[in-house]
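Colleague: Next come a sequence and a model predicted from it.
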Amino acid sequence: MGAGNVIVGQSGGPTSVINSSLVGVFKTARDAGCPHVYGMRNGIEGLLQERWVDMSMYVRNDLDIELLKRTPSSFLGTCRFKLPDYTKDEDTYKKIFAVLKKLDIKHFFYIGGNDSMDTIDKLSKYAAFINSDITFIGIPKTIDNDLAMTDHTPGYGSAAKYIASAMKEIIRDANTYPTESINIVEIMGRDAGWLTCAATLSRSEDCAGPDLISLPETVFDYDTFIKQINEARSRKKVITIAVSEGIKTADGKYVCEANKRSMSEDAFGHKTLGGTALYLADFLGAELGIKSRGIVFSTLQRCASHIVSRRDITEAFTAGADGVQLALSGETGKMIIFDRISNNPYQLKTSSCPASAVANVEKKVPLEWLVNNGSYVTNDFFEYARPLIIGELSPFMVDGLPRHLFID
């Protein structure tokens, strides 16, 4: 399979390094002699609406490439669109392939997470069904770090770096006052607690780190929670807790559902989460009678390119670049994966796996990495995560603020 026109899209939640993967695809495809590199506006949903751009109109020189690598969020826009089964709704696929034929596309790349790999898997299978020679390759992306088969995902290292840095600042601020208080920090993570575990990276010579963490991997129990807090209160006045937004009680209900009448769902049936820390702060204030504050990082943890991990942004670029090489070699229906060779020194190589092995599968924090009823992590996590946050890449500053590349 030789060089041909390329199209690339971004899907799902943005990250601070997703555009570095986009640059990896664009630059490698261009250097390989691909005539055109097109970008889908808002992923597969935008492609169905025939909304696309020629990337060379926006990324015109090396400075633009460096700006785009440092630009957070999804340059092309994103979506959450679930492709139907082609045996039940072939019209959607006929529309997609008609657009790809119109643009004379030979290689299709999708940068995303679990659901995006479902899209790659379905499109590659339909291509085989109709004898199309278009290649379909998935480029991993998610701050949640929950993709199966790969050691970690681009986006996680930078989000972990932001979370650990912000936790240090919160703890430093909280210890200013001599009065008793509890700070509950809500961190993203529906079914996997990788991001919340990252809060413990704040533990260092100048910071004690969070006193407790609570992850979706373990059942949340109110009585146990209060007992753990009181044990911590016997040693210190100021308590800091990191909780995943997706923690659940034994009956399977999200803790954040306790103060909501209903919860909306996205196209994949995922409930919209949020408010866990605020609810627990009110709960603890009432139960323990001490000052309790809920802090929600929300989108800050996925768009903080001003504190991006250099290693993360470099690996994100590599994932995109190696995806192009994989497609040019004739592979399809695959996702680029990271294989860790060693922790110290940190060494990594890329390979690939079938997108079907990743689609709709979630990799959770190993239970053997959790201690004290799931309220903290073992050294295994530190050895795994610390290499991912190493290094910095400063943004280009204009008038005192980061400069970004964007599409009107």
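Modeller: Nice, thanks for sending it over. Numbering: from 1, shown residues only.

Colleague: Quick one: mean pLDDT for stretch 274-283?
Modeller: Throughout stretch 274-283, pLDDT has a mean value of 94.

Colleague: Now that stretch: buried residues?
Modeller: 274-281, 283 (16 or more other Cβ atoms under 10 Å). Heads up, the C-betas are built off the backbone N, CA and C, glycines and all.

Colleague: same deal with stretch 194-208?
Modeller: Buried-residue list, stretch 194-208, by 16+ other Cβ under 10 Å: 194-203, 207.

Colleague: can you name the two of these that are farthest apart?
Modeller: For the buried residues of stretch 194-208, the maximum inter-member distance is 20.3 Å, found between Trp194 and Cys207 (Cβ to Cβ).

Colleague: correct me, but Phe338 touches Leu147?
Modeller: No. Using Cβ atoms under 8 Å, Phe338 is not in contact with Leu147, being 9.7 Å away.

Colleague: Tell me the pLDDT of Pro178.
Modeller: 89.

Colleague: ditto for the one 5 residues further on
Modeller: Asn183 carries a pLDDT value of 97.

Colleague: Which parts of the stretch 101-250 of the chain are strands?
Modeller: Using DSSP state E, counting those that start in this stretch, the strands of the stretch 101-250 of the chain run over 105-112, 135-140, 181-187, 212-214, 238-244.

Colleague: can you tell which of the ones you listed is closest to Leu288?
Modeller: That would be strand 181-187 among the strands of the stretch 101-250 of the chain, by Cβ to Cβ, at 7.5 Å.

Colleague: what's the offset of stretch 230-243 from the middle of its chain?
Modeller: From the chain centre to the centre of stretch 230-243 is a distance of 29 Å (Cα atoms, centre = their mean, to the nearest Å).

Colleague: list the buried ones in it?
Modeller: 232-233, 238-243.

Colleague: what's the answer for stretch 124-136, then?
Modeller: By 16+ other Cβ under 10 Å, the buried positions in stretch 124-136 come out as 124-127, 132, 134-136.

Colleague: before we move on, what about stretch 31-45?
Modeller: Buried residues in stretch 31-45, counted by 16+ other Cβ under 10 Å: 32, 34, 36-45.

Colleague: any idea how far the most far-flung residue of the chain relative to its centre lies from Thr240?
Modeller: Going by Cα atoms, centre = their mean, the residue of the chain most distant from its centre is Pro178, 37.4 Å out. Look at Pro178 and Thr240: by Cβ to Cβ, to the nearest Å, they are 16 Å apart.

Colleague: Also Phe317?
Modeller: Using Cβ to Cβ, Phe317 is found at 35 Å from Thr240.

Colleague: which neighbours do Phe338 and Leu147 share?
Modeller: 140, 153 (Cβ atoms under 8 Å, 6 or more residues apart in numbering).

Colleague: Those two: which has the busier surroundings?
Modeller: Between Phe338 and Leu147, Leu147 has the larger neighbour count (other Cβ atoms under 10 Å), namely 31 against 20.

Colleague: Against Arg30, how distant is the more buried one?
Modeller: Distance, Leu147 to Arg30, using Cβ to Cβ: 27 Å.

Colleague: Which parts of the stretch 201-350 of the chain are helices?
Modeller: Along the stretch 201-350 of the chain, counting by DSSP state H, counting those that start in this stretch, helices occupy 222-233, 276-288, 300-303, 310-328.

Colleague: quick one: average confidence on stretch 205-213?
Modeller: For stretch 205-213, mean pLDDT is 97.

Colleague: Could you do stretch 388-406 as well?
Modeller: Mean predicted confidence for stretch 388-406 is 96.

Colleague: Could you give the separation of that stretch from the chain centroid?
Modeller: With Cα atoms, centre = their mean, you get 19 Å for stretch 388-406.

Colleague: got the buried residues for that stretch?
Modeller: 388-389, 393, 395, 404-405.

Colleague: Select from those every entry located in strands.
Modeller: Of the buried residues of stretch 388-406, none are assigned to strands by DSSP state E.

Colleague: which of those residues lies closest to Ser351?
Modeller: Nearest member of the buried residues of stretch 388-406 to Ser351, counting by Cβ to Cβ, is Leu388, at 18.3 Å.

Colleague: In space, what's closest to that closest one - neighbours in sequence excluded?
Modeller: Gly157 (3.5 Å; Cβ to Cβ, 6 or more residues apart in numbering).

Colleague: what sits against the one you found?
Modeller: Per Cβ under 8 Å, 6+ apart, neighbours of Gly157: 309, 311-312, 315, 388-389.

Colleague: Show me which of those is closest to Lys334.
Modeller: Closest to Lys334 out of these is Glu315 (17.6 Å), distances taken as Cβ to Cβ.

Colleague: so how far is Glu180 from the closest one?
Modeller: 43 Å.

Colleague: now Asp173
Modeller: Look at Asp173 and Glu180: by Cβ to Cβ, they are 15 Å apart.

Colleague: same question, Ala166
Modeller: Distance from Ala166 to Glu180, by Cβ to Cβ: 22 Å.

Colleague: So for those two, which residue has more residues nearby?
Modeller: Ala166 (20 against 15).

Colleague: pretty sure the more buried one is touching His306, no?
Modeller: No. Between Ala166 and His306 there is no contact under Cβ under 8 Å: 12.0 Å.

Colleague: Report the secondary structure element holding Thr91.
Modeller: Just to correct that, residue 91 is Asp rather than Thr. Using DSSP states H and E, Asp91 sits in helix 90-102.

Colleague: what sits up against that helix?
Modeller: The contact list for helix 90-102 (Cβ under 8 Å, 6+ apart) reads 7, 44, 47-48, 50, 52, 83-84, 86, 108, 123, 126-127, 130, 132, 134.
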